[in-house]
Each structure stands twice: as structure tokens, then as C-alpha cells.
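K.L.:
Just the structure for this:
(3 chains)
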Amino acid sequence: MRNLMKWGVAAVVVAGCSTYAGLANAADPIKIGSILSVTGPASFLGEPEKKTLEMYVERINKEGGVLGRKIELVVYDDGGAGEKASTFTKRLIESDKVDLLIGGSTTATTMAAVPLAERNEVPFISLAGAVVIVEPVKKWVFKTPHTDKMAAEKVFSDMKKRGITKIGMISEDAGFGKSGHDQSLAVVKSYGIEVVADEIYSPKDPDVTAQLTKIKNAVGVQAVFNFGFGQGPAIVTKNFKQLGIALPLYQSHGVASKDFIKLAGDAAEGVRLPAAGQVVPEQLAASDPQKPVVTAFKKDYEAAFKSDVSTFAGHAYDGLQIALAAINRAKSTDKAKVRDEIEKTSGYVGTGGLVSMSPTDHMGLSPSAFHMLEIRKGDWVLID
Amino acid sequence: MFAAFLQYLFSGLTSGAIYALAGLGFAIIYNASHVINFAQGEFIMIGGMATATMVAAGVPIYLAIPLAMVASMLVGVAMEKFAVEPARNADVVTIIIITIGASIFLRGAAQIIWDKEFHSLPAFSGETPIAVLGATLMPQSLWVFGISAIVIALLWYFFNRTMFGKAMLGTSHNRLAAQLVGVAVKKVLLASFALSALLGAVGGIVVTPITFTNYEAGIMLGLKGFSAAVLGGLGNGTGAIVGGLIVGIAEAMASGYLSSAYKDAIAFIIILFVLFFMPSGLFGKRGTDRV
Amino acid sequence: MNLMTARTGGLALLAVVITVAPVGFSNSYFYDVAVNAMFNAILCVGLNLLIGYAGQISLGHAGFFALGAYGSGILTERYGVPAIGALVLSAAVVGVLAFVVARPILKLKGHYLAMATLGIGIIIHIVLKTESGITGGPDGMSLGNFKMLGLTIKGDQMWYWVVGFLLVLAVWLSLNLIDSPVGRALRAVHGSEVGAEVVGVDTSSYKVLVFVVSAVFASVVGSLFAHKNGFITPDIASFFHSVELVTMVVLGGMASIYGALIGAVILTLLPQVLAAVEQYEAMILGAIMMGTMIFMPKGLLPSLLASLKRRGGGQ
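P.N.:
So this is what the prediction gives:
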């Protein structure tokens, strides 16, 4: 018993000592805190986001930092779990005393952090897709990526142009695909398109020909739209070809990276998908203001990591640039001032498009941010 | 209508054969040691990842495959030696935690040794679908069926016709008795891990062209393999195969005729239902408790 | 020390630790982690009754936890039920559900039982993910503060004291249950089920009882967790979460109430500590799980106590 007591006291003492690490003072660097899904099912989002943030923070520090102060980046991996994201956000705010939050790779992890950012009045730039993050507008919360709804609208307007009125949907049941699926169903009617088959698969299913056969046999189906990421869409694409379905196949922006083409191989031929200009910098018109930005970013990223740049890496780049520009304009890291400056972001040319925020729009991207791509001969072709 | 049914069946057989291969690994280890190895999925992942990354790095495939098989076997042997053997007499749930710990460890190692990207292998004999009565099947699925059949035949021969195989079976029936008649029980356990790691690697290599692979690929395969092995009756190779095929076909039929959103749930409901009436699975030994 | 029986002594120590610990908490992040640790501790104390004392595995307990959480979320947010009512109602539903499935499931043994409970957990996970109309799907669901008798529990500090009190209560309840005839019967079930039956113990009734009790524990903690966190996702029902809970129990020490508690605290703190070595987190976690079980197959607390006893010459 006495031994147990000793243990208890020791534990308390240890806990007490470790708490004084987090006190900040004015001469400290600018602290940016980030919760990202670096591992787990959403690691394809979090991993490139983390790499991007680290690469640019290091570069900016080499160039002297911002306001003459170095930037310190603190990243925690939430593994894609909202509950972990909530605790780590608290840690960033309370213990690490960060000046600003970037992150939340997924909608769930972002929404877990939103109440904390609001309550503690910390500017927060999310890297996740769903509309709910910025609608209704939350005072301290912003986001850089296009919404899933915008991706769906881009796809449906392309379908409409081709005279397609009846489609089959196949979506994965995990976060990205499920939320894209729900948002697609919400807007599809306004394009005069009817969903005649609506099928689901799990991200790790080895074969989805059963679902595709059902879609194929749906009456009047003219095109198929797949919302998902990772290996799922590649399997859908391969199975689609295996079944010899002679309909247009659309994918979401979730697969806008060369890895998808590599996995799906020949079957990817003719697949269309919405994507940010950053995927095809060399094909953008010379007059496109995004061209120099995305060309440079793609070059930096691919030189540093020897892997193809994805749309998601760009979200992190945009988040960091918008944040640092705001700190520069605010001439301090005063949270309220930085928040105001982020909201005043205007005409920022990012990888996702042109960003102009306002008190009523905390994303600031116009729908034109998306391009429609088609895969031909194993490469992207810009068609719109 | 029949074409659709046939397509669902093909879809189910493709998934089912993959689950069956995973389940077979569970059965082998369970047979020799009454351990459920939750890291079986990771053996499959290692086989697939090692081969895919070596091939991508320019190693010829006929060299990459045996190397990957050896790598996976070494991992299996190491795991038995350092993690399972020392805890031989622990509770069922203690050993479950050990093997789950091993699976987490191996996933963590894989993401550092390799990466988090998806990898693929070219299909062994092209990607031209084979048409059968209005349904289609990929040649790679036939490879999975064929390899499964060969593996089953080899295992049958090994366990029934070779001395060492018989010793392994004997150990599973009665450890002490086997020891008394001179079976080196420790060697048998080691061999069972080596064998099922090897089998996992073979499975990983042959399914990678269909499902792709990444460091987390073992999670799903482990879970489905465990389901297949339990449904069929633990320690029974035939049971694991049948169990895997039932799970695969149930999922595909559920997607086709009921609801694709609930196909996994439906497969689990079927498993629960079977267990309620056959508490030792389809082919399991009817257990009697020793007091 | 004579007056301090192991039981009251342990409870008093627990109360003291809970009271003194905040001295070391410099901000609400520490309270947050501590509250999560105590939530897990309550859950594991309940789960340990099933695993440690009755010897039955459950790889689906996260499902019951999630049902409690979503029950509270849906009832309070969509139907305006008061928080305490939602908590009780959810716990009742979970209790009934556990009771219904318990008999057929607990007939199964060992790995078959593991499979069946795993299946139930996964089915619950799938339903929560798919029915996004009521659950919000994978994007999660927000819910408000816990209000009761005109009192609102909010802020990490307030939660700390409430959950701390509940933890002491849960430990006290469990200790009493174990010392009761029910507890003795349970241990008999764990030792030898057939033997227990032969001497006239109605083993299946006891197993059902403890299954229901542990499920209700999980549901109540789930409800409270949901209010405290203010946001829940279907992942709380995942297979991994179930495994995590079982690991806490086994790591800390099966058939030891305080062991389960210590296991819960350690495994809740571990990710916070390992956050610094992020890339190696999985490997280290896996190694810790394997190492502890290999070198201390009975779990941390029982093994430590045994070695202390040996060293102290039977203190």
C-alpha cells in the first residue's frame, strides 16, 4: 500500500514538472499549429499537406521568416479521428499557445476543432471540403479547398452539356465519398439530372462489379459518377472496363493525381474529372493568372519529394500563404487583427484558384476554380 | 437477369477467393498452436508490397516473388520466436493482444520502410476480360482460383502424406502426447508461422494486380480472413476456404439484390446467424470442455 | 494500515489522486486529457467485469459506447429530449439490446465469441456511417452541453470533477459487485465453466448479467463523452476502438479493477506522449503492446504487485 502511495505522488510530481514547457513570451517565433490526418484512411490528404507545410516553413525561415520572426510549425497527427483532433487542437491552443491553426484534413476533424477555435478566438484555416465548415459563416473559421459541392456541380454541368439526364452514382462509404455523395444528391436535381442507381462500396473492397452491374442494368442510365479516393476509384475504373460499360465515367477531384492513372492503367482512358489548375500547369492558358503560381508549386513539390503533386498539397500551400500574408499585413500575431486580415484577403492567386474573402464568404473561391480534365493516353487533357 | 446473377457470382468468387486465402493462413497457425494470428493480413501486405516495390525498382519479377516470399517467411518466423513463443501459456485474450500488437508494429514498419502510397503489379496474363454467358471475369481472378486450389492440394499432401505435416496435425490434437512420441513441438510452431507467412505472401502477390496494396492493406484482409476462418470452423482448412467464399458471395449478392451500403453488415449477420446454430462454425469440431 | 482494507484503501487513494492531480494541470488541455483518461477508465472497469472476471472476450464494446453517444446526440439534438433523459433512455436501449443478444452470443467460446462481438460492433459502425440523415454520417454530429436540474456541465474543469466523482462511484460499484455472491459465481465461471455449472451455478445468467452491466457502463460513458466532446463521429464505434478498449484492460491487468484503470490511463496518455515521434508512433505502440504482454502476461498492475511482494518479502 505504501508503495502504491509513492507511485501516486511520483506521478503527480512528474505531471507537475512537465507542465511548464508551454509558457510563451513575446520574443518567441510565430507559432502555427496544425492537426492533420497523416496516418489512417485519410493519409492521402494529410501526408502531402504536412510535407508541403514543412517544406515551405523551412524555406521561409531560411529567407528570414515573417516580420523578422521565425515560424515554428507544430503538427499533430489525428489519424483521421475527430475525437483525437479535438484533444490535439486543445493542446495546440492551450499548451503550445499557437497563434494560428491550419488543418483539419477531413471535414470530421475540422468540425471537431471548430468549436475550440471559436471559443478560444484563434484564427483557423481548414483544409477540408464540406460546405458546413464555412456555411453558416463562423467568425474565426476559414477554408482553402473547393467544396465537394463545387466538384459535383462541375461534373453535373459537364454532363448537362453532353445532354446526359440519367446517371448512376457509385460512392465509397468512408468520409470523403460519403459526404461527396450526399452533397451530389443535394444539387443534382437543379441540373435536370436524375440519379437512377445509387450504389456504395467500402474503400478496401477487392471487386465492385456487382455494384456496377446493377448500375449498368438500371433503366436509361447514360453516365456514371464515382465519388471516392485511394484505390477504390481505380478498382471501379478497372471493373467498369472489365464489364465493357460503354458510358462516360466521371471521377471526383479526389483522384486528381498521377497515382490514379498509374493504378487504373488503360482503363482510365476517357475518364473525366474536375480538378484544380495546379494538376495541369503546363496546359493552362498563358494569360491564366494561376499559371506561374501552380507551375512553381508543382516544380518545388515534385523536386523535394519525388512524387506527383496532388490537389491536397495545394490546399496546405494556399492555407499557409493566406495566413502568412495576413500576419504580414496585420504586422503582428494579434489574433483578432490576423483574423480580420484573413477575412480581407483579396485577389490572392493560389493553387486552388483566385481567392477573395469577405465577411460573408470565408472560402472566397469562385466556381471557375475547377477545370474539367479528361484522361487520354495516360495523361491529363484540359477540356474546359 | 441470369447474366447479372452470374456477374454477382463472379464478383463474389473473386473477393471470396481472396478472403479464403487469408483465412487459410489463420487455419494453419490455429491448427498448430491454437493461436489466432491477427497479423496474418500483414503477411499478405508484406508479400504484395515487397514484390510491387521491388518490381517498380527494376528487379525482375521472377526474382522479386521468391525474395518477397522469403522476406515474409522471415517476418513470420521472427514473430513466432520473439512474440508468440515466449507467451505460449498465456490467456487467449493476451495472445490476441500480442498478435494485434504485432500487426500494428508491422504496419508502422511498412510505412517507414516503404511509403503510404498504393502500389500495383501488372496482371499475370493480361487484362482482357473473359466473357461467360454475358458476364465477365478477369484472367487474374482465375489465377487467384488456381493458386488457391494448388495451395489447398499442397497443404493436403503436406498434412496427410509427409512426416512433418502429420507431426503438425498431431500437435494440434494433443500437444503433450505429440511431445511424448518425440515431436519437436517448438519446431512445429515455428514451421506453422513460416508456412502461413509464406502462404500470406503468395496470396498478397497474386491479389495485388486486382486490389492494389499499401501499408494498410492487411487490415481488411486480416478481418475478412478471420471471419472466413471462424465461419468455416477454426483450424479447418476446407472450412476456411468455404467460409471465405461464403463471405465473398454473400457480399456480392447483397450488393446485387439488397443494398450495397449494407453488404458488409449482411455478411456479418449471416456469420452471426451461423454461429448461433453452429457455435463451432460450419466444419469445426464440436467442442467438449475439459474440466 | 490495518484498518485500510485493500478495498477502502484503494478507493481512498483513487479519490486522493483525483483530487491532487489538478495541481499539475496548467491549462485545460491537461484537464481534457485527464477527463478522457477517466472516461476510458470507467469504461474499462466495466469491460473488465466481463473480460477479467467472467472470462468472456468482447471485441465490439466500442459499438455500445457509440450507441450511447449517438443515442444522446440524436435524442437531444433532433428530438429535444433533456440530456439526462437521453442518457438514461440510451442506456436502457443498449441494456435491452445487450440482453437480447447476450444469450445466443455468450454460448460461444473463445475466438468464436470474439468474432460474434466483433461482428456486432462492425454492424453498429456501418449503420452509424450509412444513416447520415440522422447520424450525420462520417462527417460527424455536434451536440450541446449536458444540462441537469438547471445546472450546465461545461468546461474541462467542471467535467473533470464530475467524471472524477463518477469514476470513484464506478470503481466502488464494481468492487461491491465482485465481492457479492454474483462476483464469486463469475470467478467460478472464469475458472471452469463446467465445474461451476456442476456445483449449481447458473453460469449463463451470470454471464448475461455482466455482459449487460458492462454494455450499460459503455453506453453511459458514451453519452457523457458525446456531451463533453460536443462532437462525435462513427469512428468511435470502429473495430480499432474496441481493440483499444480491450488492450487497456489486458495491459493494465485482467481481473484487477485498478489494473484496468491504470491501463486506461496509460493508453490514453500514450498517443499524447508519442505525438512527438509521430512517424514511429505505430511501431512503438505495437512494441509496447507485445512487450507488456510477453513479459507481464497478467498485465501491468498484477505483475508489478507480485514483484513488489517478492522483493518486499511478503509485505
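
K.L.:
rest of the way, CA atoms for contacts and neighbours
P.N.:
Will do.

K.L.:
residues of the helix or strand of chain B with the lowest mean pLDDT that come out buried?
P.N.:
Between all helices and strands in chain B, the lowest mean by mean pLDDT, DSSP states H and E belongs to helix B:175-180, at a mean of 77. Within helix B:175-180, the residues that count as buried by 16 or more other Cα atoms under 10 Å in any protein chain shown are B:Arg175, B:Ala178.

K.L.:
Briefly note if whatever helix or strand comes next after it comes near chain A.
P.N.:
Once the chain leaves helix B:175-180, the next helix or strand it forms, by DSSP states H and E, is helix B:185-211. Yes. Judged by Cα under 8 Å from any Cα of the partner chain, helix B:185-211 and chain A are in contact via B:Ile210, B:Thr211.

K.L.:
Run the chain-centre distance for helix B:185-211.
P.N.:
If you compare the mean C-alpha spot of helix B:185-211 with that of the full chain, they lie 8 Å apart, counting by Cα atoms, centre = their mean, to the nearest Å.

K.L.:
How about stretch B:1-16?
P.N.:
For stretch B:1-16, the distance to the chain centre is 22 Å (Cα atoms, centre = their mean).

K.L.:
Kindly report the same for stretch A:368-376.
P.N.:
Relative to the centre of its chain, stretch A:368-376 is centred 17 Å away, using Cα atoms, centre = their mean.

K.L.:
ok, C:Ile257 to B:Lys224 distance?
P.N.:
Shown here: C:Ile257 relative to B:Lys224, a distance of 33 Å by Cα to Cα, to the nearest Å.

K.L.:
These two: which is more packed in?
P.N.:
Neighbours were counted for C:Ile257 and for B:Lys224 using other Cα atoms under 10 Å in any protein chain shown; C:Ile257 has more, 29 against 24.

K.L.:
which residues sit in contact with the more buried one?
P.N.:
Counting by Cα atoms under 8 Å, 6 or more residues apart in numbering or on different chains, C:Ile257 touches C:Val45, C:Asn48, C:Val171, C:Ser174, C:Leu175.

K.L.:
Does anything pack onto the helix or strand encompassing the second one? Which helices or strands?
P.N.:
When secondary structure is defined by DSSP H and E, C:Asn48 falls within helix C:28-48. Secondary structure elements in contact with helix C:28-48, counted by 3 or more Cα pairs under 8 Å, 6 or more residues apart in numbering or on different chains; DSSP states H and E, are helix A:82-90, helix C:156-179, helix C:203-229, helix C:239-252, helix C:257-274.

K.L.:
Would you mind giving these as TSV with mean pLDDT and distance to A:Leu212 added?
P.N.:
Conversion of the helices and strands packed on helix C:28-48 to TSV gives the following (pLDDT from 0 to 100; distance: least, Cα to Cα, whole Å):
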stretch	mean pLDDT	distance to A:Leu212
helix A:82-90	90	32
helix C:156-179	90	49
helix C:203-229	91	38
helix C:239-252	91	28
helix C:257-274	90	41
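
K.L.:
Specify the stretch among the ones you listed that is closest to C:Met289.
P.N.:
Minimum separation from C:Met289 across the helices and strands packed on helix C:28-48 (Cα to Cα) falls at helix C:239-252, 7.3 Å.

K.L.:
Any residue of that closest one touching chain B?
P.N.:
Yes. Part of helix C:239-252 sits near chain B under the criterion Cα under 8 Å from any Cα, namely C:Thr247, C:Val250.

K.L.:
Return the distance of the closest residue to B:Ala177 other than its chain neighbours relative to chain C.
P.N.:
Spatially, and ignoring its direct neighbours in sequence, B:Ala177 is nearest to B:Thr171 (7.7 Å; Cα to Cα, 6 or more residues apart in numbering or on different chains). B:Thr171 sits 20 Å away from chain C when distances are taken as Cα to the nearest Cα, to the nearest Å.

K.L.:
A:Leu73 too?
P.N.:
From A:Leu73 over to chain C the distance is 13 Å, taken as Cα to the nearest Cα.

K.L.:
confidence score at that residue?
P.N.:
In this prediction, A:Leu73 carries a pLDDT score of 94.

K.L.:
and the helix or strand it falls within, what does it pack onto?
P.N.:
Following DSSP H and E, the helix or strand that holds A:Leu73 is strand A:71-77. The contact analysis (3+ Cα pairs under 8 Å, 6+ apart) places strand A:71-77 against strand A:30-36, helix A:43-62.

K.L.:
The residue in the stretch 1-150 of chain C that chain B sits nearest to: what secondary structure?
P.N.:
Distance from chain B to each residue of the stretch 1-150 of chain C (Cα to the nearest Cα) is smallest for C:Ile123, at 5.1 Å. Judged by DSSP: H, G, I helix; E, B strand; the rest coil, the three-state class of C:Ile123 is helix.

K.L.:
hang on, the earlier thing: quick one: strands adjacent to the strand holding A:Leu73?
P.N.:
For strand A:71-77, the paired strands and their directions (DSSP bridges) are strand A:30-36 (parallel).

K.L.:
How about exporting the strand it pairs with as PDB, limited to the C-alpha atoms?
P.N.:
As requested, the backbone C-alpha atoms of strand A:30-36 are provided in PDB (Å, rounded to 0.1, in the frame of the first residue of the first chain):
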ATOM      1  CA  ILE A  30       5.400  32.800 -34.800                       C
ATOM      2  CA  LYS A  31       3.700  29.600 -33.900                       C
ATOM      3  CA  ILE A  32       1.500  27.800 -36.400                       C
ATOM      4  CA  GLY A  33      -0.400  24.700 -35.100                       C
ATOM      5  CA  SER A  34      -1.700  22.000 -37.400                       C
ATOM      6  CA  ILE A  35      -3.800  19.000 -37.000                       C
ATOM      7  CA  LEU A  36      -3.500  16.700 -40.000                       C
END
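
K.L.:
any idea of the angle that strand forms with helix A:82-90?
P.N.:
Between the direction of strand A:30-36 and that of helix A:82-90, the angle (axes from the mean of the first three to the mean of the last three Cα atoms, to 10 degrees) works out to 170 degrees.

K.L.:
tell me which residues in strand A:30-36 are buried?
P.N.:
Neighbour-count burial for strand A:30-36, counted by 16+ other Cα under 10 Å, picks out A:Ile30, A:Lys31, A:Ile32, A:Gly33, A:Ser34, A:Ile35, A:Leu36.

K.L.:
Over to stretch A:129-136?
P.N.:
The neighbour-count criterion (16+ other Cα under 10 Å) identifies A:Gly129, A:Ala130, A:Val131, A:Ile133, A:Val134 as the buried residues of stretch A:129-136.

K.L.:
and the stretch 51-200 of chain B, which residues reach chain A?
P.N.:
B:Lys116, B:Glu117, B:Phe118, B:His119, B:Ser120, B:Thr128, B:Pro129, B:Ala135, B:Thr136, B:Leu137, B:Met138.
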